[in-house]
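Asker: need a structure here:
(one chain, ligands or ions: 2)
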Amino acid sequence: MSWLIPDDEDDDVPYGEYADHAVRQRPNPKANRPRTKRRPEHSDAVIGMVTGVDRGRYAALIAAGADPEDPDEREITAARARELRNTPIVIGDRAQLVGDTSGAEGSLARIVGIEDRRTLLRRSADDSDRVERVMVANADQMLIVVAAANPEPRVRLVDRYLVAAYDAGISPLICITKTDLADPEPFLANFAALEVPVFRSQPGDWEDDSPGGVLARIRAALAGKTTVFVGHSGVGKSTLINALVPEAERATGHVNAVTGRGRHTSSSSVALRARTPGSASGDSGWVIDTPGVRSFGLGHVTSEGILRGFTDLAPLLDECPRGCTHLDDAPDCELDAAIADGRLDATGAGRVESLRRLLH
Ligand SMILES: Nc1nc2c(ncn2[C@@H]2O[C@H](COP(=O)(O)OP(=O)(O)OP(=O)(O)O)[C@@H](O)[C@H]2O)c(=O)[nH]1
Ligand SMILES: [Zn+2]
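Answerer: Numbers count the residues shown, from 1 in each chain. Ligands and ions are numbered 1, 2, ... in the order given. This is a model prediction of the structure:
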């Protein structure tokens, strides 16, 4: 799980080897593709999206037309420049690439900068840990995959995902799987007030790509967007991703042979291209899988960030006394008043409980 490795340990590459003067031009096996000019100046950098990370090596996709010298789309392998040693580089980052950006077998480019991020999904090891780990950059959406049963859905875990998404500036979606095993509605009622789009699935749904089906509706929601998929182990996230990302369209994010380290294991995050309506016109969606996320600490999120995850309670929170902590012992907290006078029903009271667990 490369993103779990603290960034300062993520830097085991002998950079000297790849310093400008030492980079050798390698023979280009693609005879019809002009060898890309070396790019010593950063102003010449080509932008590529980071699709895979493996201990100091990055897979990046240069989109068709992004490079005036070579209009072909290609996946390349890159190392980071020494000056970026302490800069986290994560899936979804738009990397500024120089050096050999041809993508030819054995070639190695260099990341010399990271474009400003639109959004940034972060986590900490646990709630008391204020050290944040950067997970994914530039995601537009978070698809929270949760099972109606087996494993039992946990309100608190979904709350945490929602808070992380709102804190990152990412729009959440929920996919509830295994609705053949249990009625998902009581669980979903906890989030009804948030108006998060919800997809419900059962076995067979992922083999049925017909219009109006749940798979087609998820595809439509992914079109033109970058969506990070999160979920507890066993909820069916891999099953869904395999349905969305046929092997042939994968940009696997695997790092090429130059590393000698082989393919990505299933435990590292990757960006995968999903066929979506309009894909042919370049409007494909990106699915970012984050396997092996065992904990989702929110130690780095401020109280304000947590409150943003509870937009359904916002009108009440606005009525609280100035400086209200909204905790159990907060005097005159409007949340208690609303539970007492019935403005919040049992589900609403559950939301307050969730909020307080995260805030304390
Ligand atoms: N009953 C039922 N089983 C399902 C459904 N969707 C997936 N499963 C099963 O649930 C199990 C877990 O599915 P995976 O896709 O491997 O789950 P995952 O979330 O990727 O789990 P990890 O690989 O551990 O991260 C598999 O045995 C699936 O066949 C469903 O809608 N109903
Ligand atoms: Zn309050």
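
Asker: now do the contacts for the spatially most central residue of the chain.
Answerer: Centroid-nearest residue in the chain, with C-alpha atoms, centre = their mean: residue 228, separated by 3.4 Å. Going by C-beta atoms under 8 Å, 6 or more residues apart in numbering, residue 228 touches 92, 121, 135, 136, 139, 141, 142, 143, 170, 288, 290. For the C-beta atoms, the positions are set from N, CA and C on the backbone; glycine is no exception.

Asker: right, and the first one touches residue 49 too?
Answerer: Meaning residue 92. Yes: contact criterion C-beta atoms under 8 Å: residue 92 and residue 49 qualify, at 6.8 Å.

Asker: which neighbours do those two share?
Answerer: When C-beta under 8 Å, 6+ apart defines a contact, the residues bordering residue 92 and residue 49 alike are 138, 271, 286.

Asker: give me the buried subset of these.
Answerer: 138, 271, 286 (16 or more other C-beta atoms under 10 Å).

Asker: sort out for me which of these are in helices.
Answerer: Using DSSP state H, no member of these falls in helices.

Asker: could these go into a markdown table alongside pLDDT and distance to residue 75?
Answerer: Below are these laid out as a markdown table (pLDDT from 0 to 100; distance: C-beta to C-beta, whole Å):
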| residue | pLDDT | distance to residue 75 |
| --- | --- | --- |
| 138 | 97 | 17 |
| 271 | 88 | 11 |
| 286 | 93 | 13 |
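
Asker: just the buried residues of stretch 186-200, please?
Answerer: For stretch 186-200, using 16+ other C-beta under 10 Å, the buried residues are 187, 188, 190, 191, 194, 196, 199, 200.

Asker: what pLDDT does the third one get?
Answerer: Which is residue 190. With respect to pLDDT, residue 190 scores 87.

Asker: tell me where the stretch 51-200 of the chain has strands.
Answerer: Along the stretch 51-200 of the chain, counting by DSSP state E, counting those that start in this stretch, strands occupy 57-62, 74-80, 94-99, 109-114, 120-124, 132-137, 141-147, 171-177, 198-200.

Asker: and the average pLDDT for the helix or strand just after the shortest one is what?
Answerer: Remark: after strand 198-200, the chain's next helix or strand is helix 214-222, criterion DSSP states H and E. The pLDDT scores in helix 214-222 average 95.
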